[in-house]
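Visitor: 3D, please:
(4 chains)
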There are 4 protein chains.
Amino acid sequence: MHQKIKVGIVGGTGYTGVELLRLLALHPEVVLHAITSRQEAGMPVAQIFPNLRGQVDLIFSSPDSTALTECDIVFFATPHGVAMSQARTLLEAGVKIIDLAADFRLQDTAVFEQWYKIPHTCPDILQESTYGLVEINREKISHSRVIGNPGCYPTTVILGLAPVLEKGLIELNSIIADCKSGVSGAGRKAEVGTLFSETSDNIKAYGVAGHRHHPEIVAQLSQLANSPVSLLFVPHLVPMIRGMLSTLYVKIKPEAVDIDFQRLYEERYANEPFIDVMPAGSLPETRSVRASNQLRIAVHRPQGGDTLVIVVVQDNLVKGAAGQAIQNMNVMFGLPESTGLQQIAVLP
Amino acid sequence: MHQKIKVGIVGGTGYTGVELLRLLALHPEVVLHAITSRQEAGMPVAQIFPNLRGQVDLIFSSPDSTALTECDIVFFATPHGVAMSQARTLLEAGVKIIDLAADFRLQDTAVFEQWYKIPHTCPDILQESTYGLVEINREKISHSRVIGNPGCYPTTVILGLAPVLEKGLIELNSIIADCKSGVSGAGRKAEVGTLFSETSDNIKAYGVAGHRHHPEIVAQLSQLANSPVSLLFVPHLVPMIRGMLSTLYVKIKPEAVDIDFQRLYEERYANEPFIDVMPAGSLPETRSVRASNQLRIAVHRPQGGDTLVIVVVQDNLVKGAAGQAIQNMNVMFGLPESTGLQQIAVLP
Amino acid sequence: MHQKIKVGIVGGTGYTGVELLRLLALHPEVVLHAITSRQEAGMPVAQIFPNLRGQVDLIFSSPDSTALTECDIVFFATPHGVAMSQARTLLEAGVKIIDLAADFRLQDTAVFEQWYKIPHTCPDILQESTYGLVEINREKISHSRVIGNPGCYPTTVILGLAPVLEKGLIELNSIIADCKSGVSGAGRKAEVGTLFSETSDNIKAYGVAGHRHHPEIVAQLSQLANSPVSLLFVPHLVPMIRGMLSTLYVKIKPEAVDIDFQRLYEERYANEPFIDVMPAGSLPETRSVRASNQLRIAVHRPQGGDTLVIVVVQDNLVKGAAGQAIQNMNVMFGLPESTGLQQIAVLP
Amino acid sequence: MHQKIKVGIVGGTGYTGVELLRLLALHPEVVLHAITSRQEAGMPVAQIFPNLRGQVDLIFSSPDSTALTECDIVFFATPHGVAMSQARTLLEAGVKIIDLAADFRLQDTAVFEQWYKIPHTCPDILQESTYGLVEINREKISHSRVIGNPGCYPTTVILGLAPVLEKGLIELNSIIADCKSGVSGAGRKAEVGTLFSETSDNIKAYGVAGHRHHPEIVAQLSQLANSPVSLLFVPHLVPMIRGMLSTLYVKIKPEAVDIDFQRLYEERYANEPFIDVMPAGSLPETRSVRASNQLRIAVHRPQGGDTLVIVVVQDNLVKGAAGQAIQNMNVMFGLPESTGLQQIAVLP
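Guide: Numbering: from 1, shown residues only, chains lettered A, B, ... in the order given. Got it, this is the predicted structure:
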C-alpha cells in the first residue's frame, strides 16, 4: 500500500494557514504531521480556528521542533523571510518546500531586497526554485523541490494575460491592471486599517505609487512576452472577505486585430482543470469561485475596438494562495492535479 | 458492484436547490438524474448558478417529465404545496421523498392550513411521513419513504432544547427563543425587503406576532417534553448571507438545579457526527459552521442562577436545509450518515 | 420676509426620492409641498421610510393632483420617460423642473431613443434644458428652468477629467474609466440581481458591452474637449450600500508631460465648495463622503510615466443624485450654493 | 451678542471622538476650541478622519496643553480612567465635564473597581456627578458640572424599561435583555477580533458570563424600580458598522395584565424629542436611526400573554454615545435640547 504524504505547516495562525488546514485535512493523499507557531505552541489548532473542531486535532508545536524534518513537504504560511531562514536545513533533510510568502518569487535578489527590505540569504536555493504557477510551469514544478507560490494579484494578472503574451498579440507598453481584492488578502494581523468599521461599506484604491506585487507581475509577464513589459497596477480594497477580481486593459497590436481572442483563450486553457474561460459575452463574479480553486476568465472587446478587456476572478485564499500551493504539491508528488481540490464554490 | 442512488430535484432555482446541487454533485453514492423547473426548462443549471460550471451539466427539465419517476429519491426544494401535489404519484412509482418545505412538517392539518393558507391534500401520506430530524428520529427515518425536512429555526431550537426536555428539567411555560438569521433564509425571490440596500448594515426583528415556524417548534418541543410547552419566539434578520444563531432562555426546574448541564449535553450528543457541544465557557459563532453540516451548541448558566442560556449555531442552508436533507437520505438508504457531508466550514 | 421655495417631488418611493426628502426636510429655504406616487397615494411617506418618522409628515398624493402646479420647482425621482410627459404642463404653470432620470441628459434624441427605447416626446424642451453639473455649467443653470441632473457615473468621470480636457492635455482616444458602485445605484426595485444574498461578499463587472451612461459621458467629455473622445467604460458592482469610486486612466499628450497636474486640479477647483482635490500622494475612500455632497479627487502619475491615474469618490445618492439636484436648485434660485448641503460625511 | 460654548475634546482618535467632531462642527452654539491626543499631537484631525476635510481644521494638541482649561466644557472620549485623572483640575478651572467612558457611571466604587480593575481616584467628584440619561435625569443634569455619559447597551435597556419599572408593572427577577450591536461599539483599536474578515458574514454572542455594562444597567434599573432587579444580559456582535437593537423580555405582574402598555409608553415619552414610540404592531430597524440621535421603541405582547417584548433601536455612536453627550451639554447650558442634533437618519 502506498504511503501518504507527510505534511508540515510553518506559521499556521493566519488565513493562508487555516485555509491550508481546511483543504489538507480532507486531502486523501495527505497526513498532517506538524504545524508550528512560536506564539501558540502547545495550543490545539482548533481552539484558534473553530471551524476545525472535530476535524483537525493537531497541536501547535514550537518552530524549533524536529517534526518538520520528518515531513515530505513543508508549507510556509509565514511572513516574508521565514522560509529562506529554514530552507537549507529542510532541503538537506530531504524535505520539499512551498513558500506562500515572497522569498522564492523574485529571481532578482536586488529587486527582492528593494521591496521587502531584507537581504536574501540563500540566492543559490532561490536559483533552483520554481515560480509555482502550474498552468505556466507545470513541467518544471514536477521536478522542483522548492516552490515560490505566486502572490494573489499576480495569479490573476499573469493567467489573464498569458494567452496573448505568449503569442505576442498585444502592445507591451500599455497594460493596465485594475484589481479589486477582498479584505482577507491583508491577513490576520491586528491593524486599524482592516477593522470591520474601517473597511465595511467602503472602497478605496491603495498602493498606486508602488506595491510589492508589481515587480513580481512584471517579471513574469516579461518572461511570457520574452521582452520587457510596462504595467500600470492599481489595487483596490473591497468590503468582502474573500475574492479577487482583476480587470485588465490591453491594446491589441495592429497585426492581431483579426484574431478570435475568445477561441484563443479557450484553446490555451482547454485542458486546465482549474481555469474556466467563460462563454463570450459573460462576466464572472467572485462568488462563483468562493472557497474553490477555480479561476474564471472572460474576454471582451468592447465595440470591436483595439482594446481587450479581460476580467479574471479567483478566491484569493484558494487559487490565490493555499489551493494553488496544494496544486503545486500534487504536481510535485505526481498526483492527479485536482486531488483534494474539487470543492464546488459556495454560492450564495 | 453496487448501484448509486438516482436523485431528482424539483424546483432547483432557489438557494436550497443550489445547495443541494453543490453537496450532491460530489456525494460519492449519488447520481444526479433530473432537476425540474417550469420556468427554466431547457436551461443548463450552471447558467443560473455559475459556481456549478464545469461540475454539474444537468439541464432543467419540465416538471411534467417522467424523469422523476425513474429516481430512487426526489428532493422538493419548492414552495409549500408542491410536494404534496406530486407525492402520491412518486410514491406509487417507488420513489422516496424529502420535502424541504412545510408539507410534511406539521401532523395537525388544521394548524398547517391556518399558517400556510392552503388545504392539505394528502393527510394519509402526511400521517406516514416522518419529521426529518435525524438526531431525534433516526430509527423512524431509516424506515420512512416520506420525510418532512425541518425548518431552519426549528432545527436550532429543537436540538438546543432536546437534552433538557427529554429529561424534564426545565419549566415548560417560560421558554424564550431569540433567533438571528442570515438573509438567505428568505430565499431567492425578487422582493424589496431583502435587497442589499435594505438589509445591509441593519438589523431588525420580525414576525413577533406570529411566524410559521412557531407551531412547528411547539409541536416538536411538546412531543419531546411529552407535555404542552409554551414558547416565545422572536426571529431577527441579520446582514449576513448564511448563518443562524439562536439564543435560548429557559428556567431550570427547582428539582434540577444540581444537574451538570454541560455534561448532560455532552453525553446526549456524544455519538452525533454533526452536533458539537462546545467546551464549558465557550461561545459559538456562525462562521465556524459556514457551508458545513455542523451544528454547535454552548450551554451557559450565568451567575449559577436558575436560567440556562443555550446558544446554537448552524448554517441555515446546510444543517438548516440541504445538508440535513442529505443526512436524511443517507439514513433512509443505509449509508454512513456523514457520507458526502464532511466539508469543513469555510473560515474566514 | 422672503418666501421659501415650494418644492414638489414626483415618484418619491425610490432611493433618490428618500434622499431628496432627507436633505430637503432640513433645507432652510424650502417648504416640502407635495410628493406623488401612483402606487402609494394616501400613505404617509414616513411609513415607507421610517427614518423620516417625526420629521416629514407628508402624505403621498396621486400623480394627477394639482399640487405640483402650485410648486416653484418639481424634482422627478422617477424612471426615464416620466419627466418629459409632465414637463410642458409644469413649465406652462411656471414651475421649474429638475429630472433625476435621463430625459434631459442627452441632447441627441436619436442616442436617447437608442439607449432608452422610448421616443423623446419634447425635443423643444430638451433643447432649452441644461445639463446640471454646476461645476461645469453654473452660469447656464442659473438661468435655466429645466435641468437634466447628471447620472452618478458621469458625475465622477466628467469632474475627474474636466481639468485636463479643458486644457487639451490628454489623448482623446485612450480614456479608460474603471468604475465601482454601491448597490443602491441600482434602485429600490424588487430584483433577484440586487438581493443581499446575491451581491454581498461579491464583486462583478457588468455592462461591458454597453451601458446607458456611456453616451452621456462621451457627449459631455467631447464638449469639454471640443473634439470627439473615445471612452472605455467598465462599471463594477461592489457590496456596499452607498458610494462610488472611479479610477480613470488617461495618456498625457507628449507636449504636456511637464505640467504640474496636482496644481492644475487644485486651481481648477479652488472655489468649488463640493470638490476636494486631495493632497499629492493621498487616495480617497468612499466612506469619506458617505451621506455628504462632497466629491474628492486624487491625481496620481505612477513612476512619473505618461499615464495619469485619477481617483474620484462620491456618494452616488448625494453628489451623484439628490444632493446634486439640490445644488442645482440652489443655483437656479440664487441661493448660496451650499445651502442645506453642508452635512459632514458619516464615518465610520 | 451671546457667547458660543467653547468645547474641548480629550482623546479624539476613536469613533466617539470623530462622531463628536462630526456633530459639534455644525452645532450652531459651539466653538471647537481644542482636541488632544498624546499620540497624534501636531497632526490635523482631518488627516486621520478624512470625512472632516474642509470642515474641521483643528490640530491635535498635547494632553498637557492649557487649552482645555480655557474651555467651557470638555468631553472625554478616552479609555476608562482618563477622565477622573483630569477632572479635578478642570473643575477647579470652572470647566464642566462629560465623560463618555465609565468613570462617572457607577456610584458604587467597589463595583467600579471590580469591573474596571483600577481604583477610583475621585469618589467625591463621582458623588456629585450625574448619570447622563436626559430622559430620566433631565432636571439634575441641568445643574450638574460632571456627567457620566451612559454606555450604549444601558441606554437602550434603561429607556426600554423605564415606563414599566417606574410604575412597578413587571416582575423584577426575570428581566432578559438580548442585545445586538454593530462592530463600531468595540472601538477603533487594532484587534484581531474586530477585523473585517473575523466579523463580516458572522454573528456571535459574547460576555455571557459577565459584561461591564451589566452592573451599570442593574444599578439604573434598580433605582427606577426602587428595588433590586435581577437581569440576564446577553450581548451579540452583528456585522454592521453602526446600530444597536435590544430585545427585552419581561414578565407582567399579575395585577398589571390589564394595562394598555402601548399607551403607557406613548404617554411616558410624549414630550421627548429623541424617543419615538412606534405604532402598535410595528418593529423598528437600526437603519431607521443610522447617524441620528433618535431612539425608537416598539412594545409587543405576543398572543396577549404575560410577557412583554420590547424592541429598542439606536445608533450606538449617536444616542448611544456622542449624540447623547451633546444632548447632555445642551441641557447643562440651557439650550434647546435638540440644538445641533436634528439630523435625519441616513437610509438607505
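Visitor: tell me which residues in the longest helix along chain A are buried?
Guide: Among the segments of chain A that qualify as a helix by DSSP state H, the longest is helix A:152-166. Neighbour counts using 16 or more other Cβ atoms under 10 Å in any protein chain shown place A:152-165 of helix A:152-166 among the buried residues. Glycine gets a C-beta too; all of them are placed from N, C-alpha and C.
Visitor: just stretch A:43-62 next, same as before
Guide: Of the residues in stretch A:43-62, those buried by neighbour count under the rule 16+ other Cβ under 10 Å are A:45-46, A:48-53, A:55-56, A:58, A:60-61.
Visitor: and if you look at stretch A:176-192?
Guide: For stretch A:176-192, a neighbour-count test (16+ other Cβ under 10 Å) marks A:176-186, A:188 as buried.
Visitor: Mind checking which of the residues you listed are in strands?
Guide: A:176-181 (DSSP state E).
Visitor: Let me know the closest of those to B:Gly281.
Guide: A:Ser181 (36.3 Å; Cβ to Cβ).
Visitor: ok, what's across the strand from the closest one?
Guide: Under DSSP bridges, the beta-bridge partners of A:Ser181 are A:Leu237, A:Met244.
Visitor: tell me the contacts of it?
Guide: A:152-153, A:235-238, A:243-244, A:316 (Cβ atoms under 8 Å, 6 or more residues apart in numbering or on different chains).
Visitor: cool, A:Ile9 as well?
Guide: Contacts of A:Ile9 were listed using Cβ under 8 Å, 6+ apart, and they are A:17, A:20-21, A:24, A:32, A:34-36, A:74-75, A:77.
Visitor: Look through the stretch 101-250 of chain A and state the residue closest to chain C.
Guide: Closest residue of the stretch 101-250 of chain A to chain C, Cβ to the nearest Cβ: A:Lys204 (3.6 Å).
Visitor: wait, doesn't that residue sit right on C:Gly243?
Guide: No: using Cβ atoms under 8 Å, A:Lys204 is not in contact with C:Gly243, being 9.9 Å away.
Visitor: Tell me the spacing between the residue of the stretch 151-300 of chain A found nearest chain B and chain C.
Guide: Residue nearest to chain B within the stretch 151-300 of chain A (Cβ to the nearest Cβ): A:Ser288, separated by 3.8 Å. Distance of A:Ser288 to chain C, given as Cβ to the nearest Cβ, to the nearest Å: 9 Å.
Visitor: Am I right that that residue sits in a helix?
Guide: Yes: A:Ser288 forms part of a helix when assessed by DSSP: H, G, I helix; E, B strand; the rest coil.
Visitor: who touches the nearest residue to A:Ala225 once chain neighbours are set aside in this structure?
Guide: Closest residue to A:Ala225 apart from its sequence neighbours, by Cβ to Cβ, 6 or more residues apart in numbering or on different chains: A:Leu165 at 4.5 Å. Shown in contact with A:Leu165 (Cβ under 8 Å, 6+ apart): A:221, A:224-225, A:229.
Visitor: need the residues of chain A near chain D, please.
Guide: Residues of chain A lying close to chain D by Cβ under 8 Å from any Cβ of the partner chain are A:15, A:182-184, A:188-192, A:194-201, A:239-241.
Visitor: Which ones among the residues you listed map onto helices?
Guide: Filtering these for helices - DSSP H - leaves A:15, A:196-199.
Visitor: ok, of the residues you listed, which come out buried?
Guide: Here, 16+ other Cβ under 10 Å leaves A:15, A:196-199 buried among these.
Visitor: of all these, which two lie farthest apart?
Guide: Maximum pairwise distance among those (Cβ to Cβ): 19.6 Å, between A:Tyr15 and A:Ser197.
Visitor: Appreciated, that's everything.
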